[in-house]
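Student: pasted the sequence and its predicted model underneath.
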Amino acid sequence: MDERSLVFVNSLIEKTEQGKLSWSTGFEDGQFKTLLPEGKLAFVVQVKGDVRKFRMLDDRQEVILENTVTENEAQAGDVDLLKDLLYDAIGKLQGMARSRALQVNEKLATAEKLLAAI
Amino acid sequence: MILHDLFDWSNAGVGGIGLLLTIAAIVQATGAKGAALRAEKSVRRHNAEVDFASLARMAKELHGYVEGGKMSEARLRTTDLRSDLALAIRVHEAFLGSQFRQLKERQVDLALVAEGLNRAAGVISQSERVRLLGITGAILDLLAGQCGKLRSSVEKGASNG
């Protein structure tokens, strides 16, 4: 399951970098979601404290794939390298999703312009 | 064919009239079938409007509970709305047009809200409360808008028919 999740997370990172996916905020703190065309699948990524979570939902919002990795599990990377890789990948994806959902870059640029104009 | 006498001419006349009557019957039957299909579509559209009006009422209640901080009621209403919305989307997909994707996105929101409220047992952070108000408000707007669209098209259909 970890391996499949890692493949999906890396694929989502790639598509997000290419600007092909739009992300929006979820409900819980640190939670973001994206829907594939026609709403057939949704991906939810969340970072809350030292817990990182990745989920894939089908068109009935049933959980198809779910992975939760804690910092402790990731630090025991000698035992399970996949958990360590997944922990980092989820963190990276969540950072990108947050940036897209909250339009961080656009807002920072606006803030710079406004400050410069003062 | 060459018509020789009055008998031939009368036969041809009767045949021609028969053909015209057959064509008229076919035209009438086609028209009746079209009218029946239009009536069926109109009934289905009306049913969709009734279902979405009920969903909009449910969403309004949910939004009210969230505004009033009644999280336990909000949790129950979220579950009701989730299941009814899933059914309505499945049954009335043909009438949803461009709103389909937005409704699917709101379904995901409701799933995340239901899960989050169940886990938190009514205790949520301030930022989660703000997001929840945004989500329930957006769902209410979307469902009320969809209901309005359906009502307008039902009325247009009634005035045309």
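Tutor: On my side now, so go ahead.
Student: quick one: low-confidence ranges for chain A?
Tutor: Counting by pLDDT under 70, chain A shows low-confidence ranges at A:1, A:77-79.
Student: so who does the closest residue to chain B within it touch?
Tutor: Going by Cβ to the nearest Cβ, chain B is nearest to A:Gly39 of chain A, at 2.8 Å. The way it works is simple: take the backbone N, C-alpha and C, and place the C-beta from them, glycine included. Listed by Cβ atoms under 8 Å, 6 or more residues apart in numbering or on different chains, the contact set of A:Gly39 reads A:Asp59, B:Phe100, B:Arg101, B:Lys104, B:Glu105, B:Gln107, B:Val108.
Student: which stretches of chain B form helices?
Tutor: Here chain B has its helices, by DSSP state H, at B:6-67, B:71-91, B:99-120, B:126-160.
Student: go through those helices and pick out the most buried.
Tutor: helix B:99-120 (a mean of 20; mean count of other Cβ atoms under 10 Å in any protein chain shown).
Student: what does chain B have sitting close to chain A?
Tutor: Selection of chain B residues close to chain A by Cβ under 8 Å from any Cβ of the partner chain yields B:82, B:86, B:100-101, B:104-105, B:107-113, B:116, B:125, B:127-128, B:131-132, B:135.
Student: hmm, 10 Å instead?
Tutor: B:82, B:86, B:89-90, B:100-117, B:119-120, B:124-128, B:131-132, B:134-135 (Cβ under 10 Å from any Cβ of the partner chain).
Student: so the residue nearest the centre of chain A is in which element?
Tutor: With distances taken as Cα atoms, centre = their mean, A:Gln94 lies nearest the centre of chain A, 3.0 Å away. Using DSSP states H and E, A:Gln94 sits within helix A:81-101.
Student: name the residues that touch the next helix or strand after that helix?
Tutor: Next along the chain after helix A:81-101, taking DSSP H and E as the criterion, comes helix A:104-117. For helix A:104-117, contacts defined as Cβ atoms under 10 Å, 6 or more residues apart in numbering or on different chains pick out A:Gly95, A:Met96, A:Arg98, A:Ser99, A:Gln103.
Student: same thing but 7 Å
Tutor: The contact list for helix A:104-117 (Cβ atoms under 7 Å, 6 or more residues apart in numbering or on different chains) reads A:Arg98, A:Ser99.
Student: and the angle for it with helix A:81-101?
Tutor: Inter-element angle recorded for helix A:104-117 and helix A:81-101: 50 degrees (by axes from the mean of the first three to the mean of the last three Cα atoms, to 10 degrees).
Student: got the CA positions of helix A:104-117 in CSV?
Tutor: Taking Å, rounded to 0.1, in the frame of the first residue of the first chain, the C-alpha atoms of helix A:104-117 are listed here in CSV:
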residue,chain,number,x,y,z
VAL,A,104,0.4,32.0,-1.8
ASN,A,105,2.7,33.2,-4.6
GLU,A,106,0.1,35.6,-6.0
LYS,A,107,-0.6,37.1,-2.6
LEU,A,108,3.1,37.5,-1.8
ALA,A,109,3.6,39.3,-5.1
THR,A,110,0.7,41.6,-4.3
ALA,A,111,2.0,42.3,-0.8
GLU,A,112,5.4,43.2,-2.3
LYS,A,113,3.8,45.6,-4.7
LEU,A,114,1.7,47.2,-2.0
LEU,A,115,4.6,47.6,0.3
ALA,A,116,6.7,49.1,-2.4
ALA,A,117,4.0,51.6,-3.2
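Student: can you give me how far that helix is from the chain middle?
Tutor: Relative to its parent chain, helix A:104-117 has a centroid offset of 25 Å by Cα atoms, centre = their mean, to the nearest Å.
Student: likewise stretch B:118-128?
Tutor: Centre-to-centre, stretch B:118-128 and its host chain are 34 Å apart (Cα atoms, centre = their mean).
Student: dump that stretch to CSV, restricted to CA.
Tutor: Output of stretch B:118-128 as CSV, limited to C-alpha atoms (Å, rounded to 0.1, in the frame of the first residue of the first chain):
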residue,chain,number,x,y,z
ASN,B,118,-17.2,12.6,13.8
ARG,B,119,-13.6,12.5,14.8
ALA,B,120,-13.6,15.8,16.7
ALA,B,121,-16.9,15.0,18.4
GLY,B,122,-18.0,18.6,18.0
VAL,B,123,-14.8,20.2,19.1
ILE,B,124,-13.2,22.0,16.2
SER,B,125,-10.6,24.8,15.9
GLN,B,126,-11.5,28.4,15.1
SER,B,127,-10.0,28.1,11.6
GLU,B,128,-12.0,24.9,11.0
